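Q: Here's a sequence, model it:
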Amino acid sequence: MIQPATETTTPVRIGIVTVSDRASRGIYEDKGGPAIREELTRIVASPWEAEARVIPDELDLIAATLTELCDVAGCALVVTTGGTGPAPRDVTPEATEQVCDKMMPGFGELMRSVSLRVVPTAILSRQTAGIRGRSLIVNLPGKPSAIHDCLMAVFPAIPYCLDLIGAGRIETDSTVCAAFRPKS
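A: Residues are numbered from 1 along each chain as shown. Purely as a prediction, here's the structure:
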């Protein structure tokens, strides 16, 4: 069971990475990163602080950013948005696999399953998750409504996973998590 947060609890660091050529150049408004922050604000009841990045779809840069957020910034959780489709420049899953010690395929399986109930093209999404040291990295799609559905589907497992890998502790707002029921 997750212990309640206290006033002396050190905030958990959470990385939020938007992977988008256009958003990184200022051509397109980043909607994915703010959507993740909004969802986390609703879900996470314990103290946390965000480390946000907006970067282009470049494999080496994505891998370096994930590594920096895990190893240097000390993020217990890193959530990405974008770059999970089949287009040639969609390489977020490859960067995640490159930097992780262990892959967690159940996250991607569940996210696709939930998304398929809403849109048939969700089968094209390649989101995944993996562990780097004491950090969990989760790839989400880029659309804000899909971010909501996918994050709500997998978040019940995230605090337990973080506990198992010795990362920071996250307490969730049980009323928010219980209120989400995927469409049948």
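Q: tell me the phi and psi of the most centrally placed residue in the chain?
A: Centroid-nearest residue in the chain: residue 79, 2.3 Å away (criterion: Cα atoms, centre = their mean). Torsion angles at residue 79 (phi, psi; degrees, to the nearest 10) stand at phi -120, psi 130.
Q: same check, this time on the one 5 residues further on
A: Taking degrees, to the nearest 10, you get phi -110, psi 0 for the backbone angles of residue 84.
Q: burial of it, as a residue count?
A: Close neighbours of residue 84, defined as other Cβ atoms under 10 Å, add up to 26. C-beta here means a position set from N, CA and C on the backbone, and glycine is covered the same way.
Q: Give the helix, strand or coil label for the residue lying closest to it once chain neighbours are set aside.
A: Nearest non-adjacent residue to residue 84, counting by Cβ to Cβ, 6 or more residues apart in numbering: residue 127, 4.6 Å away. With DSSP: H, G, I helix; E, B strand; the rest coil as the basis, residue 127 sits in coil.
Q: next one: residue 118
A: Residue 118 - assigned by three-state DSSP - is coil.
Q: from memory it sits against residue 149, does it?
A: Yes: if you go by Cβ atoms under 8 Å, residue 118 and residue 149 touch, sitting 6.5 Å apart.
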